[in-house]
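> Here's a sequence, model it:
(one chain, ligands or ions: 2)
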Amino acid sequence: METPNIVRLSAEIPVEQYGRERLMSLYETMVKIRDFEKTVEEKFFGGEIPGFVHLYIGEEAIATGVMANLTRDDCIESTHRGHGHTIAKGADLNRMMAEIYGKKTGCCKGKGGSMHIADFSIGMLGANGVVGGGYNLAAGAALAKKMQGRQDISVVFFGDGASNRGTFHEAANMASVWKLPLLFVCEMNEYASTTPYLTATSVAEISRRAFGYGMPAAIVDGNDVFSVCEGAKKLIDPIRAGNGPAFLECRTYRVKGHFVGDPEKYRTREEVQKNVDERDPIAFFERRVTSAGALSAEDLSAVQAKVASEIAAALKFAQESPEPDVSALFEGLYV
Ligand SMILES: Cc1ncc(C[n+]2csc(CCOP(=O)(O)OP(=O)(O)O)c2C)c(N)n1
Ligand SMILES: [Mg+2]
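Ligands and ions are numbered 1, 2, ... in the order given. Coordinates of the predicted model:
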């Protein structure tokens with residue numbers, strides 16, 4: 001039997017094919033994620049934010065490129081590193097920042113925090129503190145869409161570490177058997193907490209596992225939003241047409257610590273700096289669109305200014321919002 005091929009997309013996609021409006025929107029989403037998280041990082045160190053925070057800085061092109069192919073009715077399952085997915089799916093920044101601050105006005109009334117943000121109104125079914133906890137929830141959502149006869153799809157984001165959980169294999173098998181409208185998006189950022197991926201993962205290309213479940217797969221440069229966008233589209237079109245699940249592997253690098261405050265003893269500063277210098281997805285985008293003459297430096301600054309004022313407003317909203325009432329503690333429980 002012939003071995004199926006992994007589709008590989010390079011950075012050679014002509015940006016001129018993307019209209020000006022679409023380019024501005026991709027840039028705005030990436031900058032929004034970056035600025036939102038820089039603010040969260042600063043305020044976490046300042047002692048204003050409770051709990052744990054895992055940053056998505058440097059991986060913005062993945063959420064942005066995948067979500068550019070989704071509608072509001074499509075749904076996603078996120079990870080412990082979920083701010084980027086939530087913003088790209090269209091979350092209200094005020095309610096999101098308030099949630100991270102644990103405030104009453106947050107999208108989960110302050111009970112979820114950074115790692116358990118959810119907003120069903122935009123199809124964001126939840127970040128998840130359980131690594132590999134999202135697959136079967138996303139498969140369930142995909143099954144519901146299919147049973148309702150809808151065209152919508154479900155997307156599950158997960159890391160290289162999470163790809164080694166048994167839950168991946170269970171969900172991949174049933175999704176394939178039932179031809180569920182489900183896209184698996186692996187964010188291969190080279191580390192699972194302190195573990196370099198090859199010391200704990202049986203294959204150099206995680207997407208090869210898709211073939212064991214009869215799924216098509218693609219590998220894209222996760223730091224190139226155009227590559228992610230095209231790869232996601234190639235896989236999503238057949239999913240919407242009823243052909244069953246697919247697997248998108250996005251190659252990226254976690255430039256921040258595993259969590260804010262991680263001493264990062266497991267890698268060198270030089271390794272991190274090299275990735276920051278050579279692979280930053282936002283700097284890459286800026287170079288691509290300006291050198292192609294598709295957007296000007298003024299266009300980019302206008303987006304940066306718009307985003308900066310939105311983030312400042314979200315921060316003010318969160319800081320000035322009230323804490324949840326103690327009486328709310330027992331609201332929203334099943335038992
Ligand atoms: C079931 C489970 N096991 C272990 C942990 C602890 N833990 C939190 S994040 C993480 C690493 C996840 O790595 P990866 O899936 O590659 O995602 P990344 O953090 O790189 O985005 C681990 C082991 C957990 N939260 N849940
Ligand atoms: Mg990882």
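> List the contacts of stretch 135-147.
Identification of contacts with stretch 135-147 by C-beta atoms under 8 Å, 6 or more residues apart in numbering yields 75-77, 125-126, 128, 152-156, 158, 165, 167-168, 170-172, 174-175, 178-182, 184, 245. C-beta: built from backbone N, CA, C; applies to glycine.
> so which of those are also by ligand 2?
Taking C-beta under 5 Å from the ion as the test, ligand 2 is in contact with none of those.
> Pull out the buried members of the residues you listed.
Neighbour-count burial (16 or more other C-beta atoms under 10 Å) applied to the contacts of stretch 135-147 gives 75-77, 125-126, 128, 152-156, 158, 165, 167-168, 171-172, 174-175, 178, 180-182, 184, 245.
> So which of these are in strands?
75, 76, 77, 154, 155, 156, 158, 182, 184 (DSSP state E).
> Tell me what the fourth one is bridged to.
As for beta bridges, residue 154 partners with residue 75, residue 182 under DSSP bridges.
> right, and residue 191 touches residue 197 too?
Yes - counting by C-beta atoms under 8 Å, residue 191 does reach residue 197; the two are 6.7 Å apart.
> Spell out which residues are contacts of both of the two.
By C-beta under 8 Å, 6+ apart, the residues touching both residue 191 and residue 197 are 160, 161.
> Identify each buried residue in stretch 43-59, please.
Buried-residue list, stretch 43-59, by 16+ other C-beta under 10 Å: 43, 44, 49, 53, 54, 55, 56, 57, 58, 59.
> so the nearest residue to residue 257 once chain neighbours are set aside, which of the three states?
Once flanking residues are discounted, residue 257 sits nearest to residue 264: 5.1 Å by C-beta to C-beta, 6 or more residues apart in numbering. Three-state assignment for residue 264 (DSSP: H, G, I helix; E, B strand; the rest coil): coil.
> can you pull the contacts of residue 264?
257, 258, 272.
> Ranking by neighbours, what's the top pick from these?
Comparing the contacts of residue 264 by number of neighbours (other C-beta atoms under 10 Å), residue 258 comes first, having 22 neighbours.
> That one contacts residue 52, doesn't it?
No - contact criterion C-beta under 8 Å: residue 258 and residue 52 do not qualify, at 9.8 Å.
> what residues does the stretch 51-200 of the chain put near ligand 1?
Taking C-beta under 6 Å from any ligand atom as the contact definition, the stretch 51-200 of the chain meets ligand 1 at 79-81, 129-132, 159-162, 187, 189, 191-193.
> okay, now the residue of the stretch 51-200 of the chain found nearest ligand 1: neighbour count?
Residue nearest to ligand 1 within the stretch 51-200 of the chain: residue 159 (2.3 Å; C-beta to the nearest ligand atom). Neighbour count for residue 159, taken as other C-beta under 10 Å: 25.
> so what's it bridging to?
Here residue 159, judged by DSSP bridges, has bridge partners residue 187.
> can you tell me which residues contact it?
79, 81, 131, 186, 187, 188, 189, 192 are the contacts of residue 159 under C-beta under 8 Å, 6+ apart.
> can you pick the most crowded of these?
residue 186 (28 neighbours).
> quick one, helices of the stretch 201-335 of the chain?
For the stretch 201-335 of the chain, the helices defined by DSSP state H, counting those that start in this stretch occupy 225-240, 269-279, 281-291, 297-320.
> what comes up buried for stretch 312-330?
Neighbour-count burial for stretch 312-330 [16+ other C-beta under 10 Å]: 314, 315, 317, 318, 321, 324.
> returning to that earlier point: return the most buried member of the helices of the stretch 201-335 of the chain.
Counting by mean count of other C-beta atoms under 10 Å, helix 225-240 has the highest mean neighbour count of these, with a mean of 22.
> one step back: can you name the two of the contacts of residue 159 that are farthest apart?
Pairwise distances across the contacts of residue 159 (C-beta to C-beta) peak at 14.5 Å, for the pair 131 and 188.
> quick one on the thing from earlier: the residues of the stretch 51-200 of the chain next to ligand 1 in strands, which ones?
159, 187, 191, 192.
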